[in-house]
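Student: Sequence and predicted structure below; questions after.
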Amino acid sequence: MKENGEQFKEIICKANRISPEAKMKFIGRAWESSKEESEFVNQTYSSLKKIEIIFNKEDSEKDELIIHVS
């Protein structure tokens, strides 16, 4: 799904309302075969792939809001 900044903000706000105290993670995959392991490359992600909310059963642990981008 390709969205603009306003649409992305609305999606994140709606997900945040489900679990406002959740830890947030952004996950994207990139692979560079020509780079050394210690050399990192900045990647540009422009599409929202999916959003996951993992509800933890323990009260001591926060839920997780995971945003997959591509």
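Tutor: All right, it came through fine.
Student: List the buried residues of stretch 20-33.
Tutor: Neighbour-count burial for stretch 20-33, with 16 or more other CB atoms under 10 Å as criterion, is recorded at A22. Using the backbone N, CA and C atoms, a C-beta is placed for each residue, glycine as well.
Student: do stretch 4-11 as well
Tutor: Of all the residues in stretch 4-11, not one is buried under the rule 16+ other CB under 10 Å.
Student: export that stretch as CSV, just CAs?
Tutor: The C-alpha coordinates for stretch 4-11 follow below in CSV (Å, rounded to 0.1, in the frame of the first residue of the first chain):
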residue,chain,number,x,y,z
ASN,A,4,1.0,9.9,1.6
GLY,A,5,2.1,11.4,4.9
GLU,A,6,-1.4,12.3,6.1
GLN,A,7,-2.7,8.8,5.4
PHE,A,8,0.3,7.2,7.2
LYS,A,9,-0.4,9.4,10.2
GLU,A,10,-4.0,8.4,10.4
ILE,A,11,-3.1,4.7,10.1
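Student: For it, what is the distance to the chain centroid?
Tutor: Shown here is stretch 4-11, whose average C-alpha point lies 14 Å from the average C-alpha point of the whole chain (CA atoms, centre = their mean, to the nearest Å).
Student: For K50, give the beta-bridge partners.
Tutor: Residues found in beta-bridge contact with K50 (criterion: DSSP bridges) are H68.
Student: quick one: it and D59, what's the gap?
Tutor: Per CB to CB, to the nearest Å, K50 is found 27 Å from D59.
Student: neighbour-wise, which of those two wins?
Tutor: Neighbours of K50 and D59, each counted by other CB atoms under 10 Å, are more numerous for K50; the result is 11 against 6.
Student: Is the more buried one in contact with H68, as I believe?
Tutor: Yes. In this structure K50 lies within contact range of H68 using CB atoms under 8 Å: 4.8 Å.
Student: Which parts of the protein are helices?
Tutor: The residue ranges that make up the helices of the chain, judged by DSSP state H, are 5-18.
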